[in-house]
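Peer 1: quick one, fold the following:
(one chain, ligands or ions: 1)
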Amino acid sequence: MNFRILKKAKRGYGRLGVIETDHGVIHTPSFVPVGTQATVKGLTVDQLRSLGTESVLCNTYHLYLRPGDKTVKKMGGLHKFMNWDRPIWTDSGGFQAFSLGAAIEHGVGKIASIFPGRNQKDVGEKERVIKDGLTRITEDGVEFRSHLDGSKHLFTPEKSMEIQENLGADIIFAFDECTSPLHDYQYTKKSMERTHRWAKRSLVAHKQKEKKQSLFGIVQGGAYKDLREISAQFIGSLSFPGFGIGGSLGKSKKDMYKVLEWTMPHLPEDKPRHLLGIGSPEDIYECVKRGVDTFDCVLPTRLGRNGNALLSGENLNIKSGRYLKDKKPIDKKCKCYTCQNHTRAYVSHLFRANEMLGPILTTIHNLFFMEELMKGIRKSI
Ligand SMILES: [Zn+2]
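Peer 2: Predicted structure coming up:
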């Protein structure tokens with residue numbers, strides 16, 4: 001992978017760039033749609049290409065459990081398996097192991113409120129909260145049970161590298177622990193230090209195999225200024241070709257912007273920065289200004305499947321009965337396939353009749369909206 005900065009914004013820290021991989025280029029700032037199970041739900045790869053999508057991010061945890069990374073490898077790797085010839089990213093599997101893996105026993109770790117809304121109070125080192133799911137975190141890695149069949153698994157940095165190598169994405173991530181906004185300072189610090197050790201182990205495991213993949217390191221440290229600075233300095237000093245900013249970004253958007261302001265100055269300027277799991281249109285503007293190059297998020301596709309069409313103002317709940325006689329497209333100004341060919345009335349009807357085309361058409365609109373948004377941002381830089 002090669003990253004070139006083409007231009008820097010006059011104000012703020014935004015940059016225009018291009019990531020070059022063996023499977024083509026990603027123009028940055030870029031939004032990366034999520035294809036959890038080696039598919040961006042509901043869309044063919046031709047449809048994705050026609051939307052202008054340059055890369056997709058697949059989930060290591062899901063593909064490891066099903067169909068299995070070894071199966072994907074036998075099928076020629078993710079690109080061949082899903083017939084997507086453009087760049088692919090995979091995450092480390094850590095986040096899903098914590099959030100989806102069920103309980104093994106009450107161990108050293110605690111992952112309280114990666115499960116949103118279950119616990120509203122701050123969590124101290126000795127408290128563990130989750131009713132139906134606890135994952136055990138040790139120095140070695142993360143033990144968890146599959147959410148599919150309850151089988152027991154262990155993810156370590158070495159295992160995550162092995163799985164991601166079998167999957168064969170262009171850009172992969174170091175194994176990390178994602179803390180929650182409710183974790184206290186002491187736990188976040190301890191976890192960050194472990195993530196740093198895991199980052200080194202990920203690098204060693206990755207180097208040994210001399211793969212063509214680019215391994216990105218992940219900065220942690222929660223919403224604590226000194227921890228973010230320490231983490232960015234440490235991870236930034238290792239020989240990663242790019243960086244992910246992960247973990248808790250605080251409890252509000254303001255916190256998130258602060259986290260970025262603390263982190264960015266300590267990362268090498270000439271390497272790409274990816275913000276994990278963030279992707280609402282208003283966040284993207286603010287994060288690009290603070291120096292983020294790429295984003296991945298399930299939001300646009302999940303909203304689309306649920307009947308929420310992205311608009312520059314408020315989202316449109318296309319399922320609502322009020323659109324059943326509306327002859328306008330979802331967005332008059334939009335040039336996407338859906339808006340060029342169908343009325344709100346039709347899409348609304350499809351949702352209300354539980355037809356699969358409804359979610360597909362709205363997903364097409366939403367991903368096109370994100371592409372246009374990013375084009376606009378790139379132009380403005
Ligand atoms: Zn549209």
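
Peer 1: how much space separates residue 44 from the ion?
Peer 2: When distance is defined by Cβ to the ion, to the nearest Å, residue 44 is 18 Å away from the ion. Backbone N, C-alpha and C define where each C-beta goes, glycine included.

Peer 1: where along the stretch 251-381 of the chain do the strands fall?
Peer 2: Taking DSSP state E, counting those that start in this stretch to define them, one finds strands in the stretch 251-381 of the chain at 273-276, 294-297, 308-309, 316-317.

Peer 1: including distance to residue 6, could those strands go into TSV?
Peer 2: Compiled in TSV, the strands of the stretch 251-381 of the chain are given as follows (distance: least, Cβ to Cβ, whole Å):
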stretch	distance to residue 6
strand 273-276	16
strand 294-297	15
strand 308-309	32
strand 316-317	35
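
Peer 1: nearest to residue 181, out of these?
Peer 2: Checking those against residue 181 by Cβ to Cβ gives strand 273-276 as the closest, at 14.7 Å.

Peer 1: return the most buried member of the strands of the stretch 251-381 of the chain.
Peer 2: Each of the strands of the stretch 251-381 of the chain was assessed for mean neighbour count using mean count of other Cβ atoms under 10 Å. The highest is strand 273-276, with a mean of 26.

Peer 1: ok so, going back, the strands of the stretch 251-381 of the chain: which one's closest to the ion?
Peer 2: Distances from the ion to each of the strands of the stretch 251-381 of the chain were compared using Cβ to the ion; the shortest belongs to strand 308-309, at 7.5 Å.

Peer 1: any idea how far that closest one is from the chain center?
Peer 2: For strand 308-309, the gap between its own C-alpha mean and the chain's C-alpha mean amounts to 20 Å (Cα atoms, centre = their mean, to the nearest Å).

Peer 1: can you check stretch 15-27 too?
Peer 2: With Cα atoms, centre = their mean as the basis, the distance from the averaged C-alpha position of stretch 15-27 to the chain average is 18 Å.

Peer 1: which other residues reach it?
Peer 2: Outside of stretch 15-27, the residues within contact range by Cβ atoms under 8 Å, 6 or more residues apart in numbering are 1-9, 28-30, 32, 54-55, 79, 85-88, 170-171, 212, 214, 242, 272, 291, 293-294, 378, 381.

Peer 1: cool, and stretch 343-356?
Peer 2: Under the criterion Cβ under 8 Å, 6+ apart, residues 42, 307, 309, 316, 318-321, 323-330, 338, 357-359, 361-362 lie in contact with stretch 343-356.

Peer 1: do that again at 6 Å, thanks
Peer 2: Counting by Cβ atoms under 6 Å, 6 or more residues apart in numbering, stretch 343-356 makes contact with 307, 318-319, 323-328, 330, 357-358, 361, all of which sit outside it.

Peer 1: thinking again about what came up before, would you format the strands of the stretch 251-381 of the chain as TSV with distance to residue 231 and mean pLDDT included?
Peer 2: Written out in TSV, the entries for the strands of the stretch 251-381 of the chain read as follows (distance: least, Cβ to Cβ, whole Å; pLDDT from 0 to 100):
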stretch	distance to residue 231	mean pLDDT
strand 273-276	13	96
strand 294-297	19	97
strand 308-309	34	98
strand 316-317	39	98
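
Peer 1: format the ones you listed as a markdown table; extra columns: distance to the ion.
Peer 2: Rendered in a markdown table, the data for the strands of the stretch 251-381 of the chain read as follows (distance: least, Cβ to the ion, whole Å):
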| stretch | distance to the ion |
| --- | --- |
| strand 273-276 | 25 |
| strand 294-297 | 19 |
| strand 308-309 | 7 |
| strand 316-317 | 10 |
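
Peer 1: quick one: the closest residue to residue 206 other than its chain neighbours and residue 173, what's the gap?
Peer 2: When the adjacent residues along the chain are set aside, residue 206 lies closest to residue 215, with 4.7 Å between them (Cβ to Cβ, 6 or more residues apart in numbering). Applying Cβ to Cβ, to the nearest Å, one obtains 7 Å for the distance of residue 215 from residue 173.

Peer 1: who has more neighbours, those two?
Peer 2: Comparing residue 215 with residue 173 by other Cβ atoms under 10 Å, the one with more neighbours is residue 173, at 32 against 25.

Peer 1: in contact with the more buried one, which residues?
Peer 2: Contact analysis of residue 173 by Cβ under 6 Å, 6+ apart lists 91-92, 216, 218, 244.

Peer 1: show me what it bridges to in the sheet.
Peer 2: Beta-bridge pairing of residue 173, defined through DSSP bridges, involves residue 216.

Peer 1: measure it to residue 237 for me?
Peer 2: From residue 173 across to residue 237, the span is 18 Å (Cβ to Cβ).

Peer 1: what residue ranges in the stretch 1-150 of the chain score low on pLDDT?
Peer 2: Confidence mapping of the stretch 1-150 of the chain against pLDDT under 70 gives the ranges 100-134.

Peer 1: find the closest residue to the ion in it.
Peer 2: Counting by Cβ to the ion, the stretch 1-150 of the chain gets nearest to the ion through residue 51 (10.1 Å).

Peer 1: next: the stretch 151-300 of the chain.
Peer 2: Taking Cβ to the ion, the stretch 151-300 of the chain has residue 300 as its residue nearest the ion, at 11.9 Å.

Peer 1: let me see the confidence value for that residue.
Peer 2: What the model reports as pLDDT for residue 300 is 97.

Peer 1: what's near enough to touch it?
Peer 2: When contacts are counted by Cβ under 6 Å, 6+ apart, residue 300 is found next to 366-367, 370.

Peer 1: now do the nearest residue to it once chain neighbours are set aside against the ion, distance only.
Peer 2: Ranked by Cβ to Cβ, 6+ apart and with sequence neighbours excluded, the top spatial neighbour of residue 300 is residue 366, at 4.2 Å. As defined by Cβ to the ion, residue 366 lies at a distance of 8 Å from the ion.
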